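Asker: missing the sequence, but the structure's below:
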């Protein structure tokens, strides 16, 4: 045997699980949705899933740079996604930034009718005299009018405030303070 000869490692993004291979063609590529920075890997286990919120359609990816971020307004909770189609649009009442694994909900007192929204600015306030105790409201129907004896002074209330003892209000949808 020639002591100067060395076996050539498979490049990053590939692995070789058998011994005695005599050609680079035996090196197998990591699947789409995975990558491996290791050279000379002897196991498929060296291939790491792209993180949730990303996908990769590249076979034999040698770095996480090949994991592409899901577009803003979409999300993917699955690690190891191999296709943009795994990035699902956020429902009404939700929004997400670039590379999100989940969609965030509009807060109480707000709603959004926008599908695949990219910003919390799409969450609109119910308005003074109204409230919504629901997060992720996808329609203005979630906004309810304050009932008699209650009021709301702010645009994005999660509940109405009751009139203090000794005071009353017989109007609905009251804005501001109750009658003095």
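Answerer: Noted; the coordinates are in hand. Everything quoted here is computed from the prediction, not taken from an experiment.
Asker: Endpoints of stretch 146-162, how far apart?
Answerer: Across stretch 146-162, the terminal residues are separated by 9 Å (Cα to Cα, to the nearest Å).
Asker: same question, stretch 58-71
Answerer: From its first residue to its last, stretch 58-71 covers 18 Å (Cα to Cα).
Asker: With stretch 37-55 instead?
Answerer: End-to-end distance for stretch 37-55, by Cα to Cα: 17 Å.
Asker: Mind listing what's buried along it?
Answerer: Buried residues in stretch 37-55, defined by neighbour count with 16 or more other Cβ atoms under 10 Å: 38, 41, 46, 47, 48, 49, 50, 51, 52, 53, 54, 55. (Each C-beta comes from the backbone N, C-alpha and C, glycine too.)
Asker: Looking at per-residue confidence, what score does the second one get?
Answerer: Okay, so that is residue 41. We have a pLDDT of 95 for residue 41.
Asker: just the first one next, same as before
Answerer: Confidence per residue is given as pLDDT, and for residue 38 that number is 95.
Asker: How about it, nearest residue that isn't a chain neighbour?
Answerer: Leaving out its chain neighbours, the residue that sits closest to residue 38 by Cβ to Cβ, 6 or more residues apart in numbering is residue 46, at 4.7 Å.
Asker: do the same with the last one
Answerer: By the measure of Cβ to Cβ, 6+ apart, the closest residue to residue 55 outside its immediate chain neighbours is residue 81, 3.9 Å from it.
Asker: Please report the distance of the one you found from residue 88.
Answerer: 10 Å (Cβ to Cβ, to the nearest Å).
Asker: Compare those two and say which is more crowded by neighbours.
Answerer: Per other Cβ atoms under 10 Å, whichever of residue 81 and residue 88 has more neighbours is residue 81, with 25 against 15.
Asker: on that earlier part again, reformat the buried residues of stretch 37-55 as TSV; add distance to residue 98.
Answerer: Output for the buried residues of stretch 37-55, formatted as TSV (distance: Cβ to Cβ, whole Å):
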residue	distance to residue 98
38	28
41	31
46	28
47	25
48	21
49	19
50	15
51	13
52	13
53	9
54	10
55	13
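Asker: Can you lay out those as JSON lines showing secondary structure?
Answerer: Formatted as JSON lines, those follow (DSSP: H, G, I helix; E, B strand; the rest coil):
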{"residue": "38", "secondary structure": "coil"}
{"residue": "41", "secondary structure": "strand"}
{"residue": "46", "secondary structure": "helix"}
{"residue": "47", "secondary structure": "coil"}
{"residue": "48", "secondary structure": "strand"}
{"residue": "49", "secondary structure": "strand"}
{"residue": "50", "secondary structure": "coil"}
{"residue": "51", "secondary structure": "coil"}
{"residue": "52", "secondary structure": "coil"}
{"residue": "53", "secondary structure": "coil"}
{"residue": "54", "secondary structure": "strand"}
{"residue": "55", "secondary structure": "strand"}
